[in-house]
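K.L.:
Need coordinates for the following:
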Amino acid sequence: MGGERLADIFDPRTYARGIPYDTFRWLRDHDPVTWVEEHEVLDWPAGPGFWAITRYDDVVEVTRTPQAFSSRLGATQIRDPDPADLPFIRRMMLNMDPPEHQRLRRIVSRIFTPRRVEKFAHDVEERARRLIDGIVEHGECDFTVQVSDDFPLLNLCDVMGVPESDRHLLLYWTNRIIGYQDPDHAEVEYGPDGKPINPRSPAALADMFAYAQELARYKKEHPGDDVISALAHAQVEGRGLSDAEYEMFFFLVSVAGNDTVRSGVPGGMLAFIENLGELRRLLDDPDLLPTAVDEVLRYAPPVISFRRTATRDFELRGKHISGGDKVVVFYASANRDERQFTDPDRFDIGRTANDHVAFGDGPHVCLGAHFARLQLEIFFREALWRLRDLELAGPVDRLTSNFIAGIKHLPLRFTPASPGR
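P.N.:
Okay, the predicted model is just below:
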């Protein structure tokens, strides 16, 4: 990099300063399949290291080839789980390979349907309006704390059927699980051996699962047209879901279903603030909103990376990947690959050749992508036309995470839109 140091793409603290796009560009050009050391960081022990995959075509190949790159063997987070926890973690659909993965995915796809999601569109619109109503006359706000933390959480709770009085629990669990590397959210517990307990281990998730079972019992007696009612009554090959299968569905929907939009909304607002010409272009031509949403997802992807484990020896870009090696695909890098996207560092809301991987690819492509796009489109339609003269009112505070590109604080200044403006 012309004498500059490459950023440490493993260290979660790197991403608290923003996604290191310059480093990813250098890696794509010079070492697209590179070995990365896992050093001790933030009280977490060192690991064996992993192969970082940074080019678009290679990311797609890895995610579309589960027979060579497994989600099940070591699960899907960079940090290795405790071997004793692996049987438990493998019960989550995210951490399965075909054919077991497809069997459970079919169940969820029948439950998490566009029809069920779109039934809540009016409520999503009303919620976006109320949240903007709450800040518009003040002229400034901490956007994430006052608006974008609540928006996807409350939408998801409606779809899931979580009572309003319990909705704060989902925010707490999401912060604890997704933000476990961040000093503002981490609740590090230590086991008898003195090592930190993985936040996705059975011990760390016991309170969430106890609540999930309580909610399922209620939904069996008082069913509604919501995801939890459907899961509580779902049948797998003539039987209901086991406790473990249901608990892992609850985990996946409540955490993954919240954080993509929770990161995408402030990431999109920041992208528009940093590219005011594109914001004016959208305000002048609202029909560009659907392509603008996909450009937000490409340009400011909520998910940075996902991990796979090689099932066998594999050659990729001249590098020998051994069976058992960790292989980490960096979606944030793939979405800026010049080989796939014209002028990828430009925020272009009219971009049509936009086959981004913000929702992953292959058999594990995000089931909630339709719901996420719906929420983003509704929210930006409400916020961008009512909050004019947008600008930052202070520094952006990002999540310390090598997994989710979250924004904890986004101070904004604006003026209310004038009638007819």
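
K.L.:
In this structure R127 contacts L153, no?
P.N.:
No - under the criterion of CB atoms under 8 Å, R127 is not in contact with L153, lying 10.1 Å apart. In this view, the C-beta of every residue, glycine as well, is placed from N, C-alpha and C.

K.L.:
For F380, give me its contacts.
P.N.:
The contact partners of F380, by CB atoms under 8 Å, 6 or more residues apart in numbering, come to G268, L289, A292, V293, V296.

K.L.:
And the pLDDT at it?
P.N.:
Per-residue pLDDT puts F380 at 98.

K.L.:
Show me what counts as buried in the host helix or strand of it.
P.N.:
In this assignment (DSSP states H and E), F380 forms part of helix 369-386. By neighbour count on 16 or more other CB atoms under 10 Å, the buried set for helix 369-386 is 371-384, 386.

K.L.:
starting at the chain centroid, how far to the one helix or strand V124 maps to?
P.N.:
Taking DSSP H and E as the definition, one finds V124 inside helix 121-133. Relative to its parent chain, helix 121-133 has a centroid offset of 22 Å by CA atoms, centre = their mean, to the nearest Å.

K.L.:
cool, stretch 273-288 as well?
P.N.:
A distance of 25 Å separates the centroid of the chain from that of stretch 273-288, by CA atoms, centre = their mean.

K.L.:
Report the separation between the two terminal residues of stretch 156-173.
P.N.:
14 Å (CA to CA, to the nearest Å).

K.L.:
can you pull the buried residues of that stretch?
P.N.:
L156, C157, D158, V159, M160, G161, V162, R167, L169, L170, L171, W173.

K.L.:
does the third one sit in a helix, a strand or a coil?
P.N.:
When you say that, I think you mean D158. The assignment at D158 comes out as helix when based on DSSP: H, G, I helix; E, B strand; the rest coil.

K.L.:
From R129, how far off is it?
P.N.:
15 Å (CB to CB, to the nearest Å).

K.L.:
so where do the helices sit in the stretch 251-400 of the chain?
P.N.:
257-274, 276-284, 289-299, 331-334, 369-386 (DSSP state H, counting those that start in this stretch).

K.L.:
Now F24: which helix or strand?
P.N.:
helix 21-30.

K.L.:
List the residue ranges of the stretch 251-400 of the chain that fall below the pLDDT cut-off.
P.N.:
Nowhere does the stretch 251-400 of the chain drop to pLDDT under 70.

K.L.:
try 90
P.N.:
Counting by pLDDT under 90, the stretch 251-400 of the chain shows low-confidence ranges at 251-260, 353, 366-371.

K.L.:
Please apply the same query to the stretch 101-250 of the chain.
P.N.:
Checking the stretch 101-250 of the chain against pLDDT under 90 turns up 101-120, 153, 156-160, 163-207, 224-227, 230-250.

K.L.:
try 70 this time
P.N.:
The stretch 101-250 of the chain contains residues with pLDDT under 70 at 186-200, 236.

K.L.:
re the thing from before, any idea which of the buried residues of helix 369-386 is closest to A353?
P.N.:
R373 (17.6 Å; CB to CB).

K.L.:
Skip the chain neighbours and tell me the closest residue to the closest one.
P.N.:
Spatial nearest neighbour of R373, excluding adjacent residues (CB to CB, 6 or more residues apart in numbering): V293 at 5.7 Å.

K.L.:
Which residues are in contact with the one you found?
P.N.:
G268, R373, L376, E377, F380.

K.L.:
and the two most separated of those?
P.N.:
Farthest pair in these (CB to CB) is G268 and R373. Separation: 11.7 Å.

K.L.:
Against E247, how distant is the residue lying closest to T260 once chain neighbours are set aside?
P.N.:
Sequence neighbours aside, P302 is the residue nearest to T260 in space, at 4.7 Å (criterion: CB to CB, 6+ apart). As for P302, its distance to E247 is 24 Å (criterion: CB to CB).

K.L.:
Those two - which one has more neighbours?
P.N.:
Using other CB atoms under 10 Å as the criterion, P302 and E247 rank with P302 on top: 26 against 23.

K.L.:
Which residues are in contact with the more buried one?
P.N.:
Contact analysis of P302 by CB under 8 Å, 6+ apart lists D259, T260, V261, R262, S263, G264, G267, A358, I404, A405, G406.
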